[in-house]
Every structure is written in C-alpha cells, then in structure tokens.
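In: okay, here's the prediction I keep looking at, along with the sequence it came from:
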Amino acid sequence: MSNKERFLWGASAAILVFLYLLSSTDLIIKEKKKEIYPISVIIEDTNDEYYANFRKGMDKAAEKLQADVSFITLYQENSEEEQMELLLREVKDGARAVILSPVNETGVVMRLDEAKPNCPVILLGSSLIDSSVAASISIDGYETGRLLGEEVAKREEAAVPVWLLSEGLSYTGNIDVYDGIRSVLDERGYSCRLIENKSEDTYRTAIEEMVYPGSKEAVIIALDVESLDIASSILEGSTVYAGCVKGLYGVGSTTAILQRLEKGIVKGLMAENRYNEGYLSIRSAVEAIQGGWTKNHIPVESFYVEGKDLRDPTYEKLLYPIE
Amino acid sequence: MIFQKLRRMLENTSIRYNIFIYFTVTSLAASILIGISLYTRMSGQMFTSIQEENQIVLQQMSRSMDVYLRGVIKLSDSLYYNVIKNADISRDSVKNEMTILYENNRDNVEKIALFSRPGKMVQAVPAAILKEDISVCDEAWFVSALEKTENIHFSRPHVQYIFENSENRYNWVISAARAVEITKGTFTDQGVLLIDMRFDSLEQLFDGITLGNGGYLYLIGNDGEILYHPDEQLIYSGQAEENNQVAAKYRDGNHEEKFGGKKRLVTVKTIGYTGWKLVGVTPLSGMTLNKIKTLLLVVFIIDLVMFLLAMINSFISSKITDPIKELEKSVNEIEAGNLNTRVYSGGSYEIRHLGTSIQSMADRIRKLMADIVAEHESKRKTEFDVLQSQINPHFLYNTLDIIVWMIENEQKADAVRVVTALARFFRISLSKGKSIIPVKDELEHVRNYLMIQQMRFKNRFTFTIEAEDQVMDLACLKLMLQPLVENSIYHGMEFMDGDGEIKITVKRDGEDLYMSVEDNGLGMSEEQVEKMLKDTGHVPSKRGSGIGVKNVNERLLLYFGKEYGLTIESEPDEGTKVTAHLKAVRYEELERKGEKADVK
C-alpha cells in the first residue's frame, strides 16, 4: 500500500469518525436543551390584588418560554429600599432576570446604576431606559391621562370641580397621567384639586366633605388603580356619598372595579391589557437572558371603557382573561 | 472535455485503480439511490402516519366532546322531563330534585336556573340572585331558546353577568338553554331552562392533548369564532394569530395550508350536535426528516457503507491485480535480459496460465540464445581451428626452402636452428588442441616464428621481446601475437633494409595484461587502421600464417569481454603499435576451472 493510499484511507476513516461525532453525539452539534430561566418579579405593593390579570399573562409566558417565575411582594408598601434589597437578594439567589415594578422609576434607576446587578432588569409601568435596564413596559401615561380627560370633558360640565386622587405623584407613572388629564381639563376651564393619599382615610375624609352643607358636588378622577379601588369602594358602601359625586373616573381595573363599573358606581375608566403586560414582561426577560437586550420601551395599549361596554366580546376577553 | 480528460486519466491509471474506481463509483451511485429512496419513503410514511394519528386523536377528542355535550343534553332532558314538566314549580320537591341533579354534575355545571317567559328567575341551583338591572329576556340564549323551542342552544364561551358574584370572581361559562313548560298551580306557561357549563371543564378535555411536533388542537364555532384554543388569550391580546376563519370553511379531513409563512397540516372534525369544529394543527416542518443531525446521520450511514464497500473493492482489486503486478515484475526482469528469472505463477487460472506461458517462452528464448551463442562459438572455434590448421603452405614452403638453401651452403648450424625453431613453432601451435596457453609459451612461439622470419628476410629487421617474470604464468590466447608480428613483418619490414625493429612487450597493470607488438615500419593511415579491425578489413596475406588481426580481436572479445581487445596506434612512416588488452588471470587457475571456463 502506497503512502498516498494510506493517507486516503486514514482521511476517509477520520471523516467517518467526524461524521459519527456530528450526527450521533453531542460533542460538536449540541441538541438544544430546554433551559429553565429563573426570573423574579418584584412589585411595589404588599399583595397581588392589582396583579391578577398580569399574573395570568405571566404564567402563560412562563409555560411557553420555560421560565420559573418567583412573584415577590413587599413587606412595606411602596418601599424603594426594600425593592432594591429584594432585587439584589434575588440576583444573588440565582435569578437570571428581574422584572421590577418600581416605586419611583428615577430613584430605582439611580440605585440600579450604582448596584449594577449583573442581570437584565425589566421595568414595569415605566418608560425609562437606562444602561442597567434591559427593557421597560408601560402604557403611555400622558396619553392615557389626556384620553381620560377628553372623556370626562365630554360627559361632565366645566362648572363642576374635579378632584384628582393619587397615591402620590412621585410614584412611577402617576405624574404623566396627571399631566395628561390637566392638559385637557385646564384648557377646558375645569377647576382641579389634587388629593394625595397620605393616610388610610385621606380619600374618605375628602369625600365626606362633599356631604357637608354648602359643599359642592364634584367629579372624581383616580389617577391610579389603588386610588380608583379605594374611591369606588367608598362610594359603593354609601349611597349618600355616591349621590354627592357627579361621576367617578379612573385609571386601571380589577374584577371588583369592573363590577362597580357595571353597577355604575364608576362611570368610566382607562383600562389596559394587564394579561399582555404580564406576558410581554416575561418574554422580554427571557429574550434579555438569551442575549437580546433590546433596550426598548414596549408600549401597552390603554382604552376607555364604560359599564355598557363590558359585555362586548372584545372587551370581555381583554378585561376578564381566561386562565 | 471533462469526460475526455477523465478518460485520459483513467487510461493512465493502473488496472487496480480502474477496478477500484469503477466498483466504488457504482457502489456510491447505488448507495445514494438507496439513501434517497429510503429517505423519501420514510418521510412519506411518517407524513401518512402523522395524518392518521391526527385523525385518530381528533376522532377520540370528538367522541369526548360528544360525550360531554350529550351529558349536558341528558342533564337538560332529565331536568325538564323528570323534574320540571308537569310538576308544580312552587313545590319544594322540584328544587330538591334540581339540586340532586346539580350535585351529580357539579364538576361540569356552574349553575342551573329556570326562568319564566317574562324573564323572572323561578328557580336556581345553587341559589343565586339576579342582578337588579339585568333583563334576562334580552340575553341571546334566552331569545334563541324561545325562537326554536325544540332545540337546546349552546352559546359561545362568555362571562356570566346575570348573577350577583363575589367581588373578585367572574365565571367563564357556556350556556345551554332550552324552552320548557312551567306549571304553577293550574297555569302552564313557557319558560327557559339555563344550564351554565363551566368553561374550565371544557378546557380539561383538551388538557394535555397535543399532536406531536408542536401540534395542537382548538375548537371553533359555526362562524369560525374560537371557542377554545391553547393560546386563546394571546390571540385576543394580539400576541398570536390563528387561521380559524379559513379553518371554518374546511371540510372534515386533512388539509395543507400555509399560515404565518409556515406550512402546516390541518385536520378538521365536526362535532355532531353543535356543528362546532375540532381543528388539529401540525407544523409540516416538524414532520420531515430534515433536521441537521438526521441528515448528517444519513450522510454518515452512506459514508460508512461507502467506506466498507471501498475496503471490499480494494481487497478484491488487489486480489485480482497483485498476481498481475508480480507477473509484470517477472516480465520486466526478462525484458532487462535476465532470462533465468523465475516467472511468477499465481492468482487466478488465467494469470497462472499466462505466467506459465511466459516462463515457457523465457526458457525457450534462453535455450535459443544459448544455442546461438554455442553455434557462434563453435563457428569461431571451427574457423580458428581451420585457420590454425591451415598454416599458410607458403610459410612452410619458404621456411623449408631456406633450410634447403642453408644446407646447400653448408650452413648446417643455421639450418639446425631454423628446423628446431620450426619444430617448436608447430609444437606450440598444436598445444594439445588448447586455445589458452601461458604467456611464456606464446612468447616462445612468437620468438620461433620471428627467428624463422629473420632468417628468411635475411636479417632485414631485429626484434626484442620484453616480459617481466610475473607475467609468464598468466594466461593468453594461443597464436595471438603471431598474427600481429606477421602483420608487422609483411606490412612494415618488407621494404626495410636491415634497420627494421620489432618490439614485443608484455606487462601487467593491476588486473589487466597488456601484450603489444610495435614496429618502425611504414605505418598506416587511420582508414587502414579502421579497416584492420572490421570484417572487410585486412585480408590475410597468402604469405602469412593465415590468421588475421581481426580474428585475434574477435577472440579476445569473445573470451574476455567487451572491455578487452585490440588497440592500434599507427602513424604513416613512423610505425605501428598493436596492443592486446587481456584480463590478468593465472593460467593454472584457468586450467583448474577448465580451459573453456569463461574468464568474463
């Protein structure tokens, strides 16, 4: 056998071995393994009351994208420090991405820049994008406020004062909604009063004032879902209060709020697709883990709903997601 | 062009490579054809079996749905015919029996309620409160039930709004409604029986049912509206899409479609009572064997088969061609002149036969060549012997004439010397028939000859013989010097007037022996020298011994080889020197081996 022949036989045998390794082992071409992505979701509240639909979307995404989601609530409501502590703890415990609903978006971003958590962080309810933020998901707060302002202006007279209830304008997203509403109402000559929720009875005390003799009726607009829930709950509990309020409007929805909308306690609200928000947040987190830091703001659509719209199949499916 | 080049290349390759290449190319073509055929067949079979599997899954699912819906119909029938019809609705037994039936079906049923024609709730299990501002008469299910009283109407999935619920609860249900007769006391009126089936109980039917390769099942209504889909909420939210409106137009069976840029197999099965359609979707990309690893495995198998075939081909071609190569080696040996080589005779019958034939041919050639050589040698010997035996009669006559002349002139001593020399001359000429004699005998022989010729030519020349003692016992050809000396006398000394000189020198140089005859005669031109050694050259003089210079040269070549022989150096009017170049071999040694031994 000549050297050339030996070389050819050797090369053929080597090709065979190489093909075997390629086709029948995981040494060269690795089969795509189903990877589980540990993701933590940290909200700003002490319970998930306002996150029911969000969680349904989140669970669907987790099922489809193989994510192991830990949903974490705070011990103290709206505590920025605790949020950061939990974030760092989760990263330390192996979370590969964190979805955070920041108490105060600016403060959180500054803290993230300092802490450098070394994993993608997705912000909820915020449109901020920063070097330490992989993506953000939220409605357009200003536009939502403006649309709500337009709807209120269509239905209520300018002579009636408008009370704007808010958990606090410093909290993420609230200022945008506030500005949006004011941009319409101020232009149309409405008188507005901002009431921030400083204690448990702030809203109740304010509404009680309407009952006093000499007080005027008012239109109430709740700038956030918590405020809307509290205000609608107060009005539901007393026909006297309800009689003094010309109309209650707000931003955000829960099943309870939707029932009050159906009953007419709430006249109209700006709802958002929370299921979608939950699904997109997990999908963005998985994409970020896989290397796709889009650094994009993902907008979520908001729409105005009244009690009569609830049985419309389109709204029905959006507001009452099937699990 | 390429084919011609390939053809030329194949023509220049060995028989082994030709066999190997033809076998391997044929095997490769066969392997590829088999591979493609198998791949196509397997893909086709897989496609068919997945289609069949989808049909089976859909059949089973359709049966499950049928059982589910029939269960609801049966419940509705039981409620109507066994509980409500002809019974006074105000009696407690009606509610009790309704409760029993509800309890038996509570896994699937959310609520059972009975409404009067004006829309008043007559009975509800479990107990429920109608919302204040709700007008049941406007509900789609209520209207449908009273429109077609003979049917049970199934609604699309919806949230049930008519009943008061706890704050954080909403129920997705499918409402089954039918018109019933309600008896209260003596009055009978029409009403509507509502059964709200839990939507999640329908979902449970689909739970875990997949079609493999990422396939899934969904359920659509008559108008194509999605009733159940594993990703229904994503579809409503705009995160996913489904081709449900097109699927609604499909007939039962398998259909191929392209949706969202992907080909997929859609299997449709209609559910009997409701006309709803079960739709199974299987992506076609997952059904073919085109995954990279599968393709590589096919390539590996073809390559492995090729490798094994190539090894077998190589073995077979070697088995066939190795004997031919061995035979070729033998033929090359014969071609190089080695006729004694043993011709290879092995392998298959044809090669063995060919080997034997070539061996026979080589033997025959060898024999023929030996015969030719023997014949040639015999001819030379005969010629030599003839020449030798025919010592020119003139030489003998002239010698005898001198002897007579010497006796007449009283030169007895000279006459005795000549006679003695002549006697010795003939004795050595005979030498018992040997053709090889010692140098000393040859010199003795030439000395006798020169003495006789000196007498005859009346001392026109003188001669000297110079030879070292060590050369005396070396072997040389008999009568080798005499023709050279004869040549010098007749062509060099004839016209000399006593000043002719002939010098014979014998000397050894290593393994060579040089015997030269030099004269100072007329000399020769180059042409004459050339002619001397050729066939047409020098014709022996009638006065000489009759043995020519050419003859001496040929004998030297014959006995000692091509590198030996005569060399002639001559200049006109200067003289001639003829040198015989021999191999220095001791005479005794040659005699031991036999005189005819080839000194070559």
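Out: In hand now; what should we look at?
In: my guess is A:V286 contacts A:K64. True?
Out: No - here A:V286 does not reach A:K64: they are 9.4 Å apart, not a contact under CB atoms under 8 Å. All C-beta atoms are positioned from the backbone trio N, CA, C, and that covers glycine.
In: between the two, point out the one with more neighbours.
Out: A:V286 (22 against 17; other CB atoms under 10 Å in any protein chain shown).
In: just give the nearest non-adjacent residue to the more buried one, would you?
Out: A:L65 (4.6 Å; CB to CB, 6 or more residues apart in numbering or on different chains).
In: how near is that neighbour to B:G275?
Out: Remark: distance between A:L65 and B:G275 (CB to CB, to the nearest Å) = 36 Å.
In: go on, A:L194?
Out: In terms of CB to CB, A:L194 sits 57 Å off from B:G275.
In: who in the stretch 351-500 of chain B is up against chain A?
Out: The stretch 351-500 of chain B has no residues near chain A, with proximity defined as CB under 8 Å from any CB of the partner chain.
In: circling back to that earlier point, quick one: residues contacting the residue nearest to A:V286.
Out: A:Y37, A:I282, A:R283, A:V286 (CB atoms under 8 Å, 6 or more residues apart in numbering or on different chains).
In: before we move on, the earlier item: between A:L194 and B:G275, which one's more packed in?
Out: A count of neighbours by other CB under 10 Å puts A:L194 above the other of A:L194 and B:G275, at 13 against 10.
In: measure the more buried one to chain B for me?
Out: For A:L194, the distance to chain B equals 28 Å [CB to the nearest CB, to the nearest Å].
In: ditto for A:V133
Out: From A:V133 to chain B the distance is 22 Å (CB to the nearest CB).
In: wasn't that residue part of a helix?
Out: No - assigned with DSSP: H, G, I helix; E, B strand; the rest coil, A:V133 falls outside any helix and is coil.
In: with distance to B:V419, secondary structure and pLDDT as added columns, please give the contacts of A:L65 in CSV.
Out: CSV is the format used below for those (distance: CB to CB, whole Å; DSSP: H, G, I helix; E, B strand; the rest coil; pLDDT from 0 to 100):
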residue, distance to B:V419, secondary structure, pLDDT
A:Y37, 137, strand, 93
A:I282, 144, helix, 94
A:R283, 141, helix, 93
A:V286, 137, helix, 93
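In: need the max-distance pair from those.
Out: A:Y37 and A:R283 (10.8 Å; CB to CB).
In: what's the burial count for residue 305?
Out: If you meant another chain, say so; for now it's chain A. Per other CB under 10 Å, the neighbour tally for A:V305 reads 21.
In: oops, I was thinking of chain B
Out: Neighbours of B:V305 (other CB under 10 Å): 16.
In: wait, doesn't it sit right on B:I32?
Out: No - taking CB under 8 Å as the definition, B:V305 is not a contact partner of B:I32, at 10.1 Å.
In: distance-wise, check A:E49 relative to chain B.
Out: 8 Å.
In: follow-up on the earlier one: closest to chain B among the contacts of A:L65?
Out: For the contacts of A:L65, the minimum distance to chain B (CB to the nearest CB) is 8.3 Å, reached by A:R283.
In: flag the shaky bits of chain B, pLDDT-wise.
Out: Within chain B, the segments meeting pLDDT under 70 span B:1, B:10-11, B:167, B:286-291, B:380-381, B:383-394, B:433, B:494-498, B:534-547, B:593-600.
In: and the longest helix for it?
Out: helix B:15-77 (DSSP state H).
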